[in-house]
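The sequence and its predicted three-dimensional model are supplied below.
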Amino acid sequence: MFDRDRKHPYPDALRADEAPAPHALLAPVTGLLGTWTGRGHGSYPTLAEEFAYEQEVTFSHDGRPFLHYEARAWIIDADGTPMRPAARESGWWRMQPDGRVEALITQPTGIAEILVGGAADGGVDLATHQVALTPTAKEVTATRRRYTLTDEDTLDFRHDLAAVGQPLQYHLSAHLRRQNGN
Ligand code: HEM
């Protein structure tokens, strides 16, 4: 049985200056390591209303040349009070030479995305390579995700979406701050 108290022999690191040392191929993305939180807005032509949300995003690594990515969001009202849980996703960003990135991201809404792109100058730009859908998932044909480190503690995020018959266009943007300590 899984022993919750057992210390994992290969824990993930949330910072570049803690063990294990980041793999050399992580160099273009070490600035992303850690936990980020902040607020964002979203809309889509098929939705009656815009929405505001709060999000927590974590990037970690275990010394190998990939990041573990985890994000969860919840809808908030105008005062910032949580209204209901929203999107969750997790995945792996496989770093290649020259800052190329191959990402695999899955969502509980039945969507599995494979994205390719690049990391350079404090920014990551990922676009759909393939999308796989479970039989009951909404139709998603493409996404584009852009992350920009505006300084070492501030991460801007924009997510474009092609879904339910609509062309690729704005779905979300958020302004995230690094959580203290990581
Ligand atoms: C921070 C992350 C996200 C938030 C807060 C968010 C929020 C929302 C909200 C509030 C809706 C309206 C339906 C509802 O109330 O549930 C929606 C619809 C939708 N979202 Fe997102 N979303 C996020 C990420 C994503 C991602 C990553 C994808 C796909 C890759 C996606 C694809 C869609 C689709 C396909 C719809 C349905 C549109 C329609 O049927 O008209 N969303 N989203």
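The structure has been received and is ready for your questions. Numbers count the residues shown, from 1 in each chain.

before we move on, which element is T109 in?
Using DSSP states H and E, T109 sits in no helix or strand.

got a list of what it touches?
A87, A137, K138 (Cβ atoms under 8 Å, 6 or more residues apart in numbering). In short, each C-beta sits where N, CA and C put it, glycine included.

so the first one, which of the three states?
Going by DSSP: H, G, I helix; E, B strand; the rest coil, the secondary structure assigned to A87 is strand.

residues touching it, list them.
A71, R72, A73, Q107, T109.

go on, V131?
Applying Cβ under 8 Å, 6+ apart, the residues contacting V131 are I111, A112, E113, I114, V140, T141, A142, T143.

In the residues you listed, which residue is surrounded by the most others?
Within these, most neighbours by other Cβ atoms under 10 Å means E113, with 22 neighbours.

quick one: what helix or strand has the nearest residue to that one once chain neighbours are set aside in it?
Once flanking residues are discounted, E113 sits nearest to I105: 4.7 Å by Cβ to Cβ, 6 or more residues apart in numbering. For I105, the element it lies in under DSSP H and E is strand 100-107.

what separates that strand from the chain centre, distance-wise?
Relative to its parent chain, strand 100-107 has a centroid offset of 9 Å by Cα atoms, centre = their mean, to the nearest Å.

The next helix or strand along the chain from it pairs with which strands?
Sequence order places strand 111-120 as the next helix or strand after strand 100-107, per DSSP H and E. Here strand 111-120 is paired, per DSSP bridges, with strand 100-107 (antiparallel), strand 123-133 (antiparallel).

buried ones in the shortest one?
Neighbour counts using 16 or more other Cβ atoms under 10 Å place V101, E102, A103, L104, I105, Q107 of strand 100-107 among the buried residues.

contact partners of that strand?
For strand 100-107, the surrounding residues in contact (Cβ under 8 Å, 6+ apart) are 29, 69, 87-96, 112-119, 124, 126, 129.

quick one: contacts for G31?
G122, L149, E152.

Now do stretch 148-164: distance from first to last residue.
Using Cα to Cα, to the nearest Å, the end-to-end distance of stretch 148-164 comes out at 28 Å.

no, scratch that, I was asking about stretch 117-125
End residues of stretch 117-125 are separated by 6 Å (Cα to Cα).
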